[in-house]
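S.K.: Based on what follows, work out the 3D shape:
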Amino acid sequence: MATQKKIKIITLNNPPLNSLNNSLRLKTFQNIKEAIEDFNVEVILICGANSNFSAGADISEFKTGSHLKDPLLPDLIDLIEQCTKPVIAAIEGNALGGGLEVCLGCHWRIAHSNAKFGLPEVNVGLIPGAGGTQRLPRLVGISEAMPIMLTGISINSLKAKEIELIDEIVDCPINQFLDNVIQWILNFNFKQINLDNRRLCNKPLVDDSDGAIFEFLKQEVSKRASKMIAPIECILAVQAGTKNITFKEAIKIEQQKCLNLINLPETKALQYVFFSKRLASKLPEQLQQSNLLIQSNSNSIKIIGIVGAGTMGRTIALTFLNYDYQVIIIDKQQILSTAKKFIDKFYSSEQMKGKIDQIKADSRINSINYSIDLSNLNKADLVIEAIFENLNIKLELFRNLDKICKPTTILCSNTSTLNIEKMGLVTNRPNQVLGLHFFNPAHVMQLVEIIVTPFNDINSIQLCSNLTKQINKTSVFAKNAFGFIGNRMLSKYLNEAILIFLKYKINPKVIDKALTDFGFPMGPFQISDLIGNDISIQVASEQLSESTSDLLKSPNNLLKANFIKSLCAAGRLGQKTGKGWYKYEANSRIPIEDPEIYSFFESNELNSQTRHLDNLQITQRCILSLINEAFILLEEGIAFRPSDIDIVWVYGYGWPPTLGGPIYYANQIGLKEIQNQINQLIEFDSITDFKIANLINNLVNENRSIYDYNNFKKSIQSKL
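M.R.: Predicted coordinates:
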């Protein structure tokens, strides 16, 4: 705490994100009390250390009960709001959750142009519990406040100023921000302002729709997040504030709802995902043990090269442009023209929505160089190939990139399945060749799989890891293997669904509905049509050439492959041809049942069983195939941590986050029960095409949890 020109500066300092744990709450509470009692202090300024205001509550305190220790966050905010001296929030970086709630308690809010604002509590199964459901809608209105609370999205300073969440934006070098805020305070005449008019607790919460907006929001939430309780509770908390009750009564309702949510199973699952996401970004223990580990800085990567300007390439380019990197993208002229139109249109749309200004839009558009000449990548610091999924074509490209690029340039592949190690071995820098598997569309999807090989040096791995953090992606490390984590599991999942269709002749729509009822946004046949049946055949062919597994050559697997080949031969490739497992109307992605799909059965393939499968049995089979393959990935060492698998499936494939992920879900059911269910399928159903993972059997025999996985590995190794 420092005093400057009668301004008491109180800094929130709890690295790295200034989480409002009990220690920081207590210190801040005491500092504010001292500032109130200090006659030399006229204005209180609250700011954050570590280039952030505050990312909110420390949710790890929920396990220890420290979140209930005095002073509670609502009490701290109430002290700020009721302060008889003006309190100004100087906001840079993140003001999220409880951090934003602290800002709302302040009388003025001055933000740096880099600031982000949000109330993301629903993402961890909660609602804002320190006045957010009452103060935010009182300040910006119900229609602006609800999307922020119900989606967990963050907004930038421009949007925050537009909806009057903040009073001023300061656009300056970050090291000059606090000085600018102090100067603003010195220039402002606070004596003319009645602080009662700045206290949000004194403002009414008005519903001009007579309840209609809340009914609409409940319906929308039911469509988008039907299995989540927190969004509905958030709506009810805001709605309560519009009734004939006092602000304090509304706050009590909010707090009680928040407390009621803390111990729900979905809340625990969502918080598991939250912490697993944090863990995923850290180098796995196996990589940290390397003697080559050094501290790297992704600031050394300034120019990104991309080969391939198709759907993946142009959205990867857009991802880096959004974070102000220089980009060089290579392809044929016609494809480049399409990519340029796409990127220009994107920034025009962002500008119209008020998300960026004209200067920023023009700067980003001018930061990309479109070229047909591969040699223009000679200045790139990192190159990502995003060309057709054909190993031989990629190998030739990497040979050429090795000759063209600087010796220090890292070469990456965006392949979703192919062998990264082989790509590295055709270069003179296998230590600098990795996989960076983005998910489509790359500028929207959060997940990136970082694929490492035995030849990679830790410096290259660290650089790629830091780079994904710079572009705000959730990264997961995996070893080089066909399909890595996500797509290898996906192939088993789709395989099981198709075999159910082939053997039981169950309508694809029925199978898809069983899985969407489970919580997936799309069913397996919708996914297949989106990927394309031709791609499925090509990937299966590559997998067959890479693997020695007899399972890939099993009668069931060959039956499935032949059926899909017959669909391809008839032009049923999926959405791109208007027909696949479903049919589609022109310019529509809505699947329509197509009885013609049954005409592709051959008489010698029918051999259908008359046994009926209900939705629960269909779901069980498909989910068990996922879980089993997840344990095999751990067994083989492809995935470094159990939680990494869950993050891949939550952020890359739409696994319902309220169920934590395949590994978390299995652990909740119990590994003994999972073992029994898989064994029953194998024993009683001839179509099941997988063998139970040894790791499941071993963990059950040792009576261990999967989350004791690393200790279990060490105990097994010690016995060898």
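S.K.: Can you list the low-confidence ranges for the stretch 601-720 of the chain?
M.R.: The stretch 601-720 of the chain contains residues with pLDDT under 70 at 602-611, 685-689, 709-720.
S.K.: Helices along that one, start to end?
M.R.: For the stretch 601-720 of the chain, applying DSSP state H, counting those that start in this stretch gives helices covering 603-606, 615-636, 642-652, 662-669, 671-684, 694-702, 709-719.
S.K.: for the stretch 101-250 of the chain, same thing?
M.R.: Going by DSSP H, counting those that start in this stretch, the stretch 101-250 of the chain shows helices at 132-140, 142-151, 157-162, 177-187, 212-224, 230-241, 247-261.
S.K.: Phi, psi for the residue positioned nearest the centre of the chain please.
M.R.: In the chain, the C-alpha closest to the average C-alpha coordinate belongs to Q446, at a distance of 4.0 Å (C-alpha atoms, centre = their mean). The phi/psi pair for Q446 (degrees, to the nearest 10) reads phi -80, psi -20.
S.K.: show me what contacts it?
M.R.: The contact partners of Q446, taken as C-beta atoms under 8 Å, 6 or more residues apart in numbering, are N472, K473, T474, Y651. Every residue, glycine included, has its C-beta placed from N, CA and C.
S.K.: Just the residues you listed: which are in strands?
M.R.: Judged by DSSP state E, the contacts of Q446 include T474 as members of strands.
S.K.: Please identify which pair of the contacts of Q446 lies farthest apart.
M.R.: Between all members of the contacts of Q446, the longest pairwise span (C-beta to C-beta) is found for N472 and Y651 and amounts to 12.4 Å.
S.K.: who has more neighbours, the two?
M.R.: Looking at N472 and Y651 with other C-beta atoms under 10 Å, you find the greater number of neighbours at Y651, namely 23 against 10.
S.K.: which non-adjacent residue is nearest the more buried one?
M.R.: The spatial neighbour of Y651 that comes closest, neighbours along the chain excluded (C-beta to C-beta, 6 or more residues apart in numbering), is L447 at 4.1 Å.
S.K.: Make sure I304 is indeed in a helix.
M.R.: No - for I304, which was evaluated using DSSP: H, G, I helix; E, B strand; the rest coil, the result is strand, with no helix membership.
S.K.: wait, it sits on L377?
M.R.: No - taking C-beta atoms under 8 Å as the definition, I304 is not a contact partner of L377, at 9.9 Å.
S.K.: residues bridging contact with those two, i.e. touching both?
M.R.: I328, V383.
S.K.: How about K583, nearest residue that isn't a chain neighbour?
M.R.: Here the nearest residue to K583 in space, its sequence neighbours aside, is D594; by C-beta to C-beta, 6+ apart that works out to 4.2 Å.
S.K.: how much space is there between the one you found and D517?
M.R.: Here the distance between D594 and D517 works out to 22 Å (C-beta to C-beta, to the nearest Å).
S.K.: quick one, phi psi at N94?
M.R.: Here the main-chain torsion angles of N94 (degrees, to the nearest 10) amount to phi -90, psi 130.
S.K.: Isn't it up against S19?
M.R.: No - taking C-beta under 8 Å as the definition, N94 is not a contact partner of S19, at 10.6 Å.
S.K.: Overlap in contacts, those two.
M.R.: Common neighbours of N94 and S19 (criterion: C-beta under 8 Å, 6+ apart): S54, A55.
S.K.: now for the helix or strand that contains N487, which elements pack on it?
M.R.: Take DSSP states H and E as the rule and N487 turns out to sit in helix 486-504. Applying 3 or more C-beta pairs under 8 Å, 6 or more residues apart in numbering; DSSP states H and E, one finds that helix 486-504 makes contact with helix 508-518, helix 524-531, helix 533-546, helix 555-569, helix 615-636, helix 642-652.
S.K.: Could I get the CA-only coordinates of the fourth one as PDB?
M.R.: Output in PDB follows, covering the C-alpha atoms of helix 555-569 (Å, rounded to 0.1, in the frame of the first residue of the first chain):
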ATOM      1  CA  PRO A 555     -13.800 -59.400 -39.700                       C
ATOM      2  CA  ASN A 556     -15.900 -56.800 -38.000                       C
ATOM      3  CA  ASN A 557     -13.400 -54.000 -38.900                       C
ATOM      4  CA  LEU A 558     -13.200 -55.200 -42.500                       C
ATOM      5  CA  LEU A 559     -17.000 -55.300 -42.700                       C
ATOM      6  CA  LYS A 560     -17.100 -51.700 -41.500                       C
ATOM      7  CA  ALA A 561     -14.500 -50.600 -44.000                       C
ATOM      8  CA  ASN A 562     -16.200 -52.300 -46.900                       C
ATOM      9  CA  PHE A 563     -19.500 -50.700 -46.100                       C
ATOM     10  CA  ILE A 564     -18.000 -47.200 -45.900                       C
ATOM     11  CA  LYS A 565     -16.200 -47.900 -49.200                       C
ATOM     12  CA  SER A 566     -19.500 -48.700 -50.800                       C
ATOM     13  CA  LEU A 567     -21.000 -45.400 -49.500                       C
ATOM     14  CA  CYS A 568     -18.000 -43.500 -51.000                       C
ATOM     15  CA  ALA A 569     -18.400 -45.300 -54.300                       C
END
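S.K.: which sections of this structure are below the confidence cut-off?
M.R.: Flagging of the chain using pLDDT under 70 yields the residue ranges 1-3, 226, 289-299, 540-555, 602-611, 685-689, 709-720.
S.K.: Apply 50 and report the result again.
M.R.: Regions of the chain meeting the criterion pLDDT under 50 cover residues 291-298, 551, 603-604, 606, 610, 715-720.
S.K.: For G118, give me its contacts.
M.R.: A95, L96, G97, L100, I148, G152, I153, S154, I155.
S.K.: what do you get if the cut-off is 10 Å, keeping everything else the same?
M.R.: Under the criterion of C-beta atoms under 10 Å, 6 or more residues apart in numbering, the contact list for G118 reads 55-56, 94-97, 99-100, 148-149, 151-155, 160.
S.K.: sorry, back to before: who's more crowded, I304 and L377?
M.R.: Between I304 and L377, I304 has the larger neighbour count (other C-beta under 10 Å), namely 27 against 24.
S.K.: Now do the closest residue to I306 other than its chain neighbours: how many residues are near it, please.
M.R.: When the adjacent residues along the chain are set aside, I306 lies closest to I329, with 4.6 Å between them (C-beta to C-beta, 6+ apart). I329 is flanked by 28 other residues according to other C-beta under 10 Å.
S.K.: tell me the SS of I329?
M.R.: strand.
S.K.: And it, how far from Q183?
M.R.: 43 Å.
S.K.: Now do the contacts for the closest residue to G652 other than its chain neighbours.
M.R.: Using C-beta to C-beta, 6+ apart and skipping residues adjacent in sequence, the residue nearest G652 is L447, 4.1 Å away. Neighbouring residues of L447 by C-beta under 10 Å, 6+ apart: 277, 280, 437-439, 468, 473-476, 486, 647-653.
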